[in-house]
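> Sequence and predicted structure below; questions after.
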Amino acid sequence: MVPFNILVGVCLFYVGLLFVVAWAAERRAARGRARWLRSPMVYTLSLSIYCTAWTFYGAVGYAARSGLEFATIYLGPSLVMVGWWWLLRKLVRVGRAQRVTSIADLISSRYGKSNILGVIVTLIAVVAATPYIALQLQSVTLSFAVFASGAPQGWALPGQGATALWVAGGLAIFTILFGTRNLDANERHHGVVMAIALEAVVKLIALLAVGIFVVWGVAGGWSEVFARIDASPIADWPLKPARWIGLTMVSAAAVVTLPRMFQVMVVENSDERHLATASWAFPLYLLLMSLFVVPIAVVGLSVLPAGANPDLFVLTLPLAFDQGKLAMLAFLGGFSSATSMVIVAAIALATMVSNHIIVPLWLALREGGARAPGDVRGLVLMSRRVSIAGILALGYTYYSLSGGSAALAAIGLIAFVGVAQILPAMLGALFWRGATGRGAAMGLVTGFLVWLYTLYLPSFGEEGLLSHAVLTEGPWGLSWLRPQALFGAEALDPLLHAVFWSLSLNTFAFLAGSLLTFPTPLERLQGLAFVNVFDHATGQGGWSRGGAEAEDLLAMSQGILGAEEAQEFFRAEAASQGRAGFLPDTTPDFIERLERRLAGSVGSATAHAMISQFAVGSAVSAQDLMAVASEAQQIMEYSAQLEAKSEELARTARQLRDANEKLTELSVQKDAFLSQISHELRTPMTSIRAFSEILMDEELPAEMRRKYAGIIQDEAIRLTGLLNDLLDLSVLENRKVQLNIRVANLHDLIDRALQAAGSTRPERSFLIHRDIAAEHVPVFTDTDRLVQVFINLISNARKYCDAERPELTIKVRRKGSRIEVDFIDNGSGIAKKSQSLIFEKFARLTDTSRAGGAGLGLAICREIMANLGGSVTYLPGQGGAAFRVTLPVRKGAPQAA
Amino acid sequence: MSRKPRPLFLERRSYRRRRMADAARVLPLLGFVLVLVPILWLPAESPTPDTVRGGVYLFTVWFGLILAAFVLSRMLGDEDDRRPPGDEG
């Protein structure tokens, strides 16, 4: 017998292990070494959350009651996986191409990015999943109770409610910690996936161990087992054809429509090819999970006392034979099954609730709509965290209200039928261009209501939500409306009855609605993109060239994706257009990609709404649609090469245009500089000449002589300084500079720079924001040169920042093998047209020479950074002038992109 | 005057691949039919106990499907990224 304390101890240790594994996986992923975390095997194992505690404990109970029928629940998904070429391949491709965040998002995105569809699907998913989560809590509680019941007196088992509460709370913490680290669905939850993969292994090993013990340890080999089966109450196989077919199909539907399965299969998928492995490996997993179910059931029935609960045979059999360790392993297996399901379900549902209900509501209620700047990212993360806690609280509430009734045991299948209502809309989304949003909504609502009425509500029992009278005689005495015999269909058992009516009425409403309504342009475009996902990347052309300003878009995206991500994305886009800096041309393609990127974080409907705030009046027009649908599109397909060429040409032209603009401006600047430099050179020369002439006068008093000589010296020093700068620049440009490489702490370098730059306009008091902790980074570079760059940037801020209360923010961030140092002030920044010029030699934005320099400072900075293997760039959209210095941690180290 | 026969290797490969894709499409249907076969045995009405027979049958079919899927995934998965144009799924 395992003492209860040890059980709790092992349990806590196991949970701790999960935390460590998840944490380590996140850490590895953050360092970019996630390859093995993302192997096909991990993907396959993560799919195993299909096997919940309902499988682990319930399958044996199911087999003990109805023999081989339990296998349909695993054969259905096996068939779907084996047939991946039909459905899953397309589903995963679409999910990745559209950056789908959840099954609700898939449906919403396909049918014109309609949020109302997202809300409907979310509602179905939450209603179906809540009892399912309650079932998992119940299974953990029950398995605890099994150990407690046989334990000696001396310690008291905390109430079952308390156990469930602890489990729910712990799971909420784990899920929030590892499930809401990233916003973008396509950034994947490495920690969570790794933890559930581990749990998948544990539950498989546990069930196999119990099975092997039962077959060889108790029964004595397969032939003995067969004999026992023949002698057992389930020797006869009362196969009911309708149930057999129905259950296989419902479980096949559920494996693609369960939100948690969609999460691991589509959203967490990192490589489509993993599906090929999963197509055989996952059925194999299911087979292994099912292999020993019947033997355990039969042996349990014959060995254990008559009243024993067959749902707990996996646990009670080893205990009956005093195999404490094996029972412990079985307990951990069941615990794993329950927890992994709850974690992933909570993440999937929370994403749906937050993206389709909370965020749209918040955006609608907020003043200024989506256009007002703000930290949407923080809001979304917070709403996800709250949703996770809310969903687990809902599960717990359901559990404590239902009091662990027997009705819960049937809830697995009831939930399957509930989510299967999404199937018609999903298949329509992927295979039928004629499916419309209104049709989908009608089908979903019809199916959902019929399911509620015929299966969900009656499942609460006769004293539950539907009265005895309604169940037996129908509402208002209308017998043809009896929940379990609609239209007089009494021949079917209640489950099948519900499957039949809900899915057929659902499909009918969906088809009829789609045939009779007319889709919006956006729906037709999305339909094209979904159904024909394998024919080249169809340009969606959802946006025509609108008035969107890249800088506004950047500011908005930073609020959602986070500053770093957004800047990186914009820079890459600009680079692909052949432009330097952070602001790409707002071409329709670019806006399309940006929208998709945002959709990965907040869902397609919200992303679309946010973008449409900027690209005013430029959503799809009828002409665009015609262009897409017409023959022209077909011809374009064949002229893809031509298109690529013209793309290339356009890019070159854009580059040339930029270069030309720059050259023209530069030539103007250069002329201006030449006169400037002659002026700069002439002024000291003139005074030197004048004063040296005076000095020739021999009668000059010694005092005056000294004074004039001093002036001559000062002017000469100024001249030399100017010439030194020019010389320095030319050496740097020719990369002939001698670098004096040393190790230093970045923090000290910034300190030095701040001190030195303090002498520039010392009358201005600056508020400096720094993150001291982040600054302690060792750098291996020419420290003097680096400090020179810092000084220059800081003095520039001191000179030019025009804010009333000037502030300077210095941010240091380490990114792989590179360090980024941002200097951001709160002035009015630099106008867009000047941003590309400031790093050029002789560039000066103000005509006044109050700065005193010759406009060489930033040019020297740029050259220094190039010599140090880094760069200095202007960072737009930060609410002031902002410069980013990027440098390698170690000069000469391989530079990660 | 005869046209030189073009090397058959590539053609053959892509032909084979397409047929494998067809097989991958047929496999689940075949599996579904095989899973439904026990209905024809009318096990509920036969006098002999048949859970063992049914179980062995089901698991054999199941394992066979897995093997077939394994072979197909090997043939299809490798070149998934070099799909010939026009191969619509």
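Good, I have the coordinates.
> Mind telling me what element A:A744 is part of?
Assigned by DSSP states H and E, A:A744 belongs to strand A:741-745.
> After that strand, which helix or strand is next?
Strand A:741-745 is succeeded, C-terminally, by helix A:746-757 (DSSP H and E).
> Alpha carbons of stretch B:59-77, as CSV, please.
Extracted in CSV, the C-alpha atoms of stretch B:59-77 (Å, rounded to 0.1, in the frame of the first residue of the first chain):
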residue,chain,number,x,y,z
PHE,B,59,-6.2,-5.0,-34.2
THR,B,60,-4.8,-6.7,-37.2
VAL,B,61,-6.6,-4.4,-39.6
TRP,B,62,-5.5,-1.5,-37.5
PHE,B,63,-1.9,-2.6,-37.6
GLY,B,64,-2.1,-3.2,-41.3
LEU,B,65,-3.3,0.3,-41.8
ILE,B,66,-0.4,1.7,-39.8
LEU,B,67,2.1,-0.2,-41.8
ALA,B,68,0.6,1.0,-45.1
ALA,B,69,0.5,4.5,-43.8
PHE,B,70,4.1,4.2,-42.8
VAL,B,71,5.2,3.1,-46.3
LEU,B,72,3.1,5.8,-48.0
SER,B,73,4.4,8.5,-45.7
ARG,B,74,7.9,7.5,-46.5
MET,B,75,7.2,7.8,-50.2
LEU,B,76,5.2,11.0,-50.0
GLY,B,77,6.8,12.9,-47.1
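> Please look at A:Y57 and A:S143 and confirm they touch.
Yes: taking contacts as CB atoms under 8 Å, A:Y57 lies within contact range of A:S143: 7.4 Å. All C-beta atoms are positioned from the backbone trio N, CA, C, and that covers glycine.
> What are the boundaries of the strands in chain A?
Applying DSSP state E to chain A gives strands spanning A:741-745, A:767-770, A:778-782, A:807-815, A:818-825, A:871-874, A:882-888.
> what about the residue nearest to A:T517 when sequence neighbours are not counted, distance to A:P360?
Leaving aside its chain neighbours, A:T517 sits nearest to A:R438 (4.4 Å; criterion: CB to CB, 6 or more residues apart in numbering or on different chains). Distance of A:R438 to A:P360, computed by CB to CB, to the nearest Å: 19 Å.
> Now for the residue nearest to A:L142 when sequence neighbours are not counted, how many residues are close by?
Excluding the flanking residues, the one nearest A:L142 by CB to CB, 6+ apart is A:L312, at 6.5 Å. Residues lying near A:L312 (other CB atoms under 10 Å in any protein chain shown) number 23.
> Tell me, how many residues neighbour A:E665?
Neighbours of A:E665 using other CB under 10 Å come to 16.
> sorry, that was for A:I107
25.
> which residues does it contact?
A:117-118, A:121, A:422, A:425-426, A:429, A:440, A:444 (CB atoms under 8 Å, 6 or more residues apart in numbering or on different chains).
> closest to B:G31 among the residues you listed?
Ranked by distance to B:G31 (CB to CB), the contacts of A:I107 are led by A:M426 at 21.2 Å.
> rewinding a little: and the residue nearest to A:T517, how many residues sit next to it?
21.
> dump the residue contacts of it.
A:513-514, A:517.
> same check, this time on A:V417
A:V417 neighbours (CB under 8 Å, 6+ apart): A:250, A:451, A:455, A:495, A:498-499, A:502.
> what pLDDT does A:L495 get?
At A:L495, the model reports a pLDDT of 86.
> what's around it, how many residues?
There are 21 residues near A:L495, going by other CB under 10 Å.
> so it makes contact with A:Y456?
No: between A:L495 and A:Y456 there is no contact under CB under 8 Å: 11.5 Å.
> quick one: common contacting residues for those two?
A:I414.
> Packing partners of the longest helix along chain B?
Counting residues, the longest helix found in chain B (DSSP state H) is helix B:9-41. Contacts defined by 3 or more CB pairs under 8 Å, 6 or more residues apart in numbering or on different chains; DSSP states H and E place helix B:9-41 against helix A:72-82, helix A:241-257, helix B:51-77.
> How about that helix, which residues are buried there?
B:17, B:20-21, B:23-24, B:27-28, B:30-32, B:34-35, B:38 (16 or more other CB atoms under 10 Å in any protein chain shown).
> What of stretch A:865-874?
In stretch A:865-874, counting by 16+ other CB under 10 Å, buried: A:865, A:867-874.
> Repeat that for stretch A:447-465.
A:447-448, A:450-456, A:458-459.
> Was I right to think A:T175 contacts A:A348?
No: the criterion here is CB under 8 Å, and A:T175 misses it with A:A348 at 10.5 Å.
> Tell me what A:R818 is bridged to.
Residues in a beta bridge with A:R818, per DSSP bridges, are A:K815, A:P888.
> What is the neighbour count of residue 68?
Assuming you mean chain A. Count around A:L68 with other CB under 10 Å applied: 26.
> my bad, the chain I had in mind was chain B
18.
> for it, what are its contacts?
A:82, B:27.
> Tell me how far it lies from A:S290.
19 Å.
> for the helix or strand of chain B with the lowest mean pLDDT, the distance to its chain's centre please.
The helix or strand of chain B with the lowest confidence, counting by mean pLDDT, DSSP states H and E, is helix B:9-41 at a mean of 84. Here the centre of helix B:9-41 is set off from its chain's centre by 3 Å, with CA atoms, centre = their mean, to the nearest Å.
> Surely A:F262 and A:A345 touch.
No: in this structure A:F262 lies outside contact range of A:A345 using CB under 8 Å: 10.7 Å.
> before we move on, the earlier item: tell me which of the buried residues of stretch A:447-465 is nearest to A:L786?
Among those, and counting by CB to CB, the member closest to A:L786 is A:F448, at 62.9 Å.
> The closest one contacts A:V126, correct?
No: using CB under 8 Å, A:F448 is not in contact with A:V126; the gap is 11.5 Å.
> anything in the longest helix seen in chain A near chain B?
Longest helix in chain A, counting residues (DSSP H): helix A:640-696. No: on the criterion CB under 8 Å from any CB of the partner chain, helix A:640-696 is out of touch with chain B, staying 9.6 Å away.
> average pLDDT across that helix?
Mean predicted lDDT for helix A:640-696 stands at 82.
> Show me what it is packed against.
Packing partners of helix A:640-696 (3+ CB pairs under 8 Å, 6+ apart): helix A:702-733.
> is any part of stretch A:249-264 close to chain B?
No: taking CB under 8 Å from any CB as the criterion, stretch A:249-264 and chain B are apart, separated by no less than 8.7 Å.
> Spit out the contact partners of the residue most central in space within chain B.
The centroid of chain B falls nearest to B:L27 when counting by CA atoms, centre = their mean (3.4 Å). By CB under 8 Å, 6+ apart, B:L27 lies in contact with A:82-83, B:65, B:68-69, B:72.
> List the residues that contact the residue nearest to A:A498 when sequence neighbours are not counted.
Of all residues not flanking A:A498 in the chain, A:L455 sits nearest, at 3.6 Å (CB to CB, 6+ apart). Residues counted as contacts of A:L455 (CB under 8 Å, 6+ apart) are A:414, A:417-418, A:494-495, A:498, A:502.
> Relative to A:L329, which of those is nearest.
Closest to A:L329, out of all of the contacts of A:L455 and judged by CB to CB, is A:I414, at 30.4 Å.
> The closest one: neighbour count?
Neighbour tally, A:I414, other CB under 10 Å: 21.
> doesn't A:P458 make contact with it?
No: under the criterion of CB under 8 Å, A:I414 makes no contact with A:P458, lying 9.6 Å away.
> Do you know the pLDDT at the residue nearest to A:F335 when sequence neighbours are not counted?
Nearest residue to A:F335 in three dimensions, chain neighbours excluded: A:V140, at 6.0 Å (CB to CB, 6+ apart). We have a pLDDT of 85 for A:V140.
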